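Novice: structure, please.
(2 chains)
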2 protein chains.
Amino acid sequence: MPQWLAQRAQLTPDRLALETKNERLTFHQLYARVRQTASSIQALGIRPLAHVASLQANTLTCAVITHALMMAGAVMVPLNTRLSEDELTQQLQDSECSILITDQTFYDQAVKVRARTGCTVLLAAELEQQEMPLAEFNPEVRLDDPCTVIFTSGTTGRPKGVVLTNGNHWWSANASLINLGMSPSDQWLCCVPLFHVSGLSILMKSVIYGMPVYLCEKFSPETVNQLIISGGITHISVVASMLQRMIDQLGENTYPESLRCVLLGGGPVPEQLLQRCLDQQMPIYQTYGMSETASQAATLPPEYMLDKAGSAGKPLFPIQIRISLNEHEAAPREPGEIMVKGPTVFSHYLNNAEATENDFDNEWFRTGDIGYLDEDGFLFVLDRRKDLIISGGENIYPAEVESFLNGCAAIRGAGVIGVPDKKWGQVPVAFVRLKEGATFSETDLIASCKAHLAAYKVPKRIFTIDKLPENASHKLVRRKLYEDYEKMNQ
Amino acid sequence: MPQWLAQRAQLTPDRLALETKNERLTFHQLYARVRQTASSIQALGIRPLAHVASLQANTLTCAVITHALMMAGAVMVPLNTRLSEDELTQQLQDSECSILITDQTFYDQAVKVRARTGCTVLLAAELEQQEMPLAEFNPEVRLDDPCTVIFTSGTTGRPKGVVLTNGNHWWSANASLINLGMSPSDQWLCCVPLFHVSGLSILMKSVIYGMPVYLCEKFSPETVNQLIISGGITHISVVASMLQRMIDQLGENTYPESLRCVLLGGGPVPEQLLQRCLDQQMPIYQTYGMSETASQAATLPPEYMLDKAGSAGKPLFPIQIRISLNEHEAAPREPGEIMVKGPTVFSHYLNNAEATENDFDNEWFRTGDIGYLDEDGFLFVLDRRKDLIISGGENIYPAEVESFLNGCAAIRGAGVIGVPDKKWGQVPVAFVRLKEGATFSETDLIASCKAHLAAYKVPKRIFTIDKLPENASHKLVRRKLYEDYEKMNQ
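Specialist: Just a heads-up that it's a prediction; the model follows:
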């Protein structure tokens, strides 16, 4: 099939493609900038299928780089800008990127990573401004080729690189289109990170649908509410903590009817928040998805918000969802592991055949999440993957934080759990067993975490404990830590 | 991917799926009827990938049979109900169908075909009403599997069976969705035949989008206008002669704003008609497509109706169109053969490797139509495939009619051309050279044509000629016949 942006610019050159506070680009203008940038990328010797890391804020330039890498056929590895130097280094090495594209905001961070990995650091704005002779690119896109590698927190403590193909992104955009429909007046507000699949998928939709996207560099409830109220925005993707802040800021006001879809993903939604949205008659589409399913896998349309409160809805048209219990299909309302199959499901984990094999049962992806389907086929998600902590839409695997704590000199063992937080939904807290004679300062240990882990992964509190709860095979029993934490807070 | 109708019924059971003058079916009800019918089909021993012919009017039952054959994995061969007994027999044999599903309207015709082919004739209504135990079907659809075989008139005189896969239909529905968008209030009026790809594609869209379709058994401008004016219909597919009759019947009235898309295909559109649509501010989407491209390949949105009058628009998103001139790509505005590439392009001609090979240049389908792309990439179709005559949206290849005439005892040679007709756009007329001493009666010869050819293929006039114009290699030069005809009418 034809290269997406080239085709879009050919079909609807004058439609608005991207808008920010300061700039507006039509598809023709976007294409011109992207082709220029892709020519610079090609001139640097970056070949099709090469892995290229990106560490950038949510800017127009970041969107241009994303499209330019696709045009050049390179595989983009978008890095979470909140990661620590250690984490960035590890992901750069794991994905075998020798080039890191960054911006002024993250330049210092990138330079530190360069010192440790020997990668080449390129400034996105410079790539965009180099006036290389325009190059020719493959006029077609192969759906089976890899397009992006997105790292997700892994159950074993080491993040896994989710390889999404062009086809995964294509099918995701199409499946969502069948689900949500499309009008010429649609404009999607992107205030979620472009390094997550949630933000990336909005860029893909933009070019496939021919739909304008308003890109916010940072999420601010004031700005977002103002944009919605002024009437241009029809769609927005949010996580619960963002929606909460938007509604708090909105106060007594209401959203206009032009707001047609609030796509609400990234973890559980507090009942109280849902009720406020219901009272406001907001068009909330609760959704269930993850990097591995290239964003939305199931979605609940607003007409069921009340009847099916708490449900993540039904699968998108090309997707199948089943609940597996002891390798059998569970009965309605019987909880089990949520399995997903369909053309949006990722290809494999990068350089991790073992994880890939573990996570697939034939073509069914084992999400690790626990849930059930009710008698009408609506999905209810009960528990996230193996103790996954979701904080403001970011996934944190306890194993990853424990792995760092276990490496500290004073610590003999560590257990991390997620505890309720009004603002972020959940935050991590840690329990540590000290080595004999070791001294403990919570402040110092938290500071040490901050130096090595993304801020959102840093435990808000660290408690000492005499003995970590273990099962017969000496595995940590986190459930017991939850009980301890509850007792402490009674 | 999941079986389409089963998935649709699971996702939106209560949405309206199909409506006729007398009936309304939700997707749940449609699914129940289809599953029952598919069970009858399976009980008859019809296996996946078996070819099954259909000779039916545009009824709800025909739609049910279409879905039931898909559910059972059989390949449907929808036959044009206007074909003669000879033609039906030939297509049934060419497609190796041992079963012909028909209805009361075409039962007598089917019985005659049975006498000549030995096929089994089944009444659609009986298949629907048999209460066989419900069978299980493959819960998934393979996009590469064949779904339908649609016969198109061939340049050599023998119709070719166009094999469309599930994937061709899927991509076509998706490509059209990206092009036209979708709202919850959409309802598509189907008054084009379900045995053509135009009608069939509406059924596919219905189940993939979850969109209701209003099915008319016969096209009547009064009924269609009434349905549109009453406000429920948002989309309609028409050919120029239908649109002309609709506008004539409409008189001084206008269509309401709820009519969002008039998809106008099936050949050239008279300028005068376009101008009337413009004056009425009708949302006309001129389109170019054919059985081989599973319907729409290019479409002109209404905003360009004036600026790009006469254009068929730009390719749909996943489609590429180029103009080939002496095996090179033509310059803008330089006419050449229209070539189409993309996932909606058919797989192959049934049992006709030679035609398939001739019509493909790698993955590019040679349409045989002549046209050009302007400097903005808009397609202008100049000449239809090798003297193709388009009469009221039906394709007639001169070679097919000539082939019949050449077989008549009195005739030594025949040439057929299409001449302008106010109602049908074009109609065929014939020139025949008689054998020495043969007598000629135009009336008798036309009657003989009527006995063997579909009515729309029968020449409206047959003229005798002393010598047929031929080129050096003794091939008929039809261009010369056009000139003769013009002179006769001056």
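Novice: low-confidence stretches in the stretch 351-490 of chain A?
Specialist: A:384-386, A:472-474 (pLDDT under 70).
Novice: let me redo that: the stretch 101-250 of chain A
Specialist: A:153-157.
Novice: and the helices in it?
Specialist: A:107-117, A:124-129, A:166-180, A:197-209, A:221-229, A:240-250 (DSSP state H, counting those that start in this stretch).
Novice: which among the ones you listed is found nearest to chain B?
Specialist: Among the helices of the stretch 101-250 of chain A, the nearest to chain B by CB to the nearest CB is helix A:166-180 (5.2 Å). The C-beta positions use only the backbone N, C-alpha and C, and glycine is treated the same way.
Novice: angle of that closest one against helix B:166-180?
Specialist: 60 degrees (axes from the mean of the first three to the mean of the last three CA atoms, to 10 degrees).
Novice: ok now helix A:166-180, how far from the chain's centre?
Specialist: Centroid separation for helix A:166-180 versus its chain: 16 Å, with CA atoms, centre = their mean, to the nearest Å.
Novice: got it, and stretch A:317-333?
Specialist: With CA atoms, centre = their mean, you get 24 Å for stretch A:317-333.
Novice: could you pull out the strands for the stretch 351-490 of chain A?
Specialist: A:360-361, A:364-373, A:379-383, A:389-391, A:394-396, A:411-421, A:425-434, A:462-464 (DSSP state E, counting those that start in this stretch).
Novice: and the longest helix for chain A?
Specialist: Counting by DSSP state H, the longest helix found in chain A is helix A:27-43.
Novice: helices or strands next to it in the packing?
Specialist: Under the contact criterion of 3 or more CB pairs under 8 Å, 6 or more residues apart in numbering or on different chains; DSSP states H and E, helix A:27-43 touches helix A:4-11, strand A:16-19, helix A:60-71, helix A:124-129.
Novice: ok, then the element right after the third one?
Specialist: Next in sequence after helix A:60-71, counting helices and strands by DSSP states H and E, comes strand A:75-78.
Novice: what helices or strands is that next one leaning on?
Specialist: Looks like strand A:75-78 contacts strand A:51-55, helix A:60-71, strand A:146-152 (3+ CB pairs under 8 Å, 6+ apart).
Novice: for whatever residue of the stretch 251-400 of chain A ends up closest to chain B, report the pLDDT, please.
Specialist: Per CB to the nearest CB, A:Pro318 is where the stretch 251-400 of chain A lies closest to chain B, at 4.6 Å. The model reports A:Pro318 with a pLDDT of 97.
Novice: quick check: residues of the stretch 1-150 of chain A near chain B?
Specialist: Selection of the stretch 1-150 of chain A residues close to chain B by CB under 8 Å from any CB of the partner chain yields A:Met1, A:Pro2, A:Gln7, A:Arg8, A:Gln10, A:Leu11, A:Pro139.
Novice: from A:Leu123, how far off is A:Ile99?
Specialist: Per CB to CB, to the nearest Å, A:Ile99 is found 12 Å from A:Leu123.
Novice: who's more crowded, these two?
Specialist: Set side by side, A:Ile99 and A:Leu123 show more neighbours around A:Ile99, with 20 against 15, by other CB atoms under 10 Å in any protein chain shown.
Novice: A:Ala124 is in contact with that one, correct?
Specialist: No: here A:Ile99 does not reach A:Ala124: they are 11.6 Å apart, not a contact under CB atoms under 8 Å.
Novice: residues from the stretch 351-490 of chain A in reach of chain B?
Specialist: Going by CB under 8 Å from any CB, the residues of the stretch 351-490 of chain A near chain B are A:Gly377.
Novice: same question for the stretch 151-300 of chain A.
Specialist: Going by CB under 8 Å from any CB, the residues of the stretch 151-300 of chain A near chain B are A:Asn174, A:Leu177, A:Ile178, A:Gly181, A:Met182, A:Ser183, A:Pro184, A:Ile208, A:Tyr209, A:Gly210.
Novice: any of the residues you listed buried? List them.
Specialist: Neighbour counting by 16 or more other CB atoms under 10 Å in any protein chain shown classes A:Asn174, A:Leu177, A:Ile178, A:Gly181, A:Met182, A:Ile208, A:Tyr209, A:Gly210 among these as buried.
Novice: let me know the closest of the residues you listed to B:Leu30.
Specialist: Nearest to B:Leu30, judged by CB to CB, of these is A:Ile178 at 17.6 Å.
Novice: which residues touch that closest one?
Specialist: A:Leu316, A:Phe317, B:Asn174, B:Leu177, B:Met182, B:Ile208, B:Tyr209, B:Gly210 (CB atoms under 8 Å, 6 or more residues apart in numbering or on different chains).
Novice: list phi and psi for the spatially most distant residue from the centre of chain A.
Specialist: For chain A, the residue at maximal distance from the C-alpha centroid (CA atoms, centre = their mean) is A:Gly437, at 41.9 Å. Here is the backbone geometry of A:Gly437 (degrees, to the nearest 10): phi 80, psi -10.
Novice: equivalent analysis for A:Pro133, please.
Specialist: According to degrees, to the nearest 10, A:Pro133 has phi -60, psi 140.
Novice: burial of the closest residue to it other than its chain neighbours, as a residue count?
Specialist: Distance criterion CB to CB, 6 or more residues apart in numbering or on different chains; nearest residue to A:Pro133, sequence neighbours excluded, is A:Ser39 at 6.8 Å. Residues lying near A:Ser39 (other CB under 10 Å) number 22.
Novice: repeat for A:Glu483
Specialist: Neighbour tally, A:Glu483, other CB under 10 Å: 12.
Novice: equivalent analysis for A:Arg479, please.
Specialist: 12.
Novice: now do the most centrally placed residue in chain A against chain B, distance only.
Specialist: For chain A, the residue nearest the mean C-alpha position is A:His196 (3.2 Å; CA atoms, centre = their mean). Distance from A:His196 to chain B, counting by CB to the nearest CB, to the nearest Å: 24 Å.
Novice: that residue against A:Phe151, yeah?
Specialist: No: using CB under 8 Å, A:His196 is not in contact with A:Phe151; the gap is 10.4 Å.
Novice: nearest residue to A:Val477 in space, please, no chain neighbours.
Specialist: Per CB to CB, 6+ apart, closest to A:Val477 is A:Pro469, 4.4 Å.
Novice: so how far is A:Ala409 from the residue farthest from the centre of chain A?
Specialist: Distance from A:Gly437 to A:Ala409, by CB to CB: 12 Å.
Novice: does A:Ile417 really touch A:Leu481, like I thought?
Specialist: Yes: counting by CB under 8 Å, A:Leu481 is a contact partner of A:Ile417 at 4.9 Å.
Novice: now the common contact residues for these two.
Specialist: A:Phe431.
Novice: which of the residues of the stretch 1-150 of chain A next to chain B sits closest to B:His169?
Specialist: Distances from B:His169 to the residues of the stretch 1-150 of chain A next to chain B, taken by CB to CB, are shortest for A:Met1, at 16.5 Å.
Novice: excluding its backbone neighbours, what's nearest the closest one?
Specialist: B:Pro318 (4.6 Å).
Novice: sweet, I'm off.
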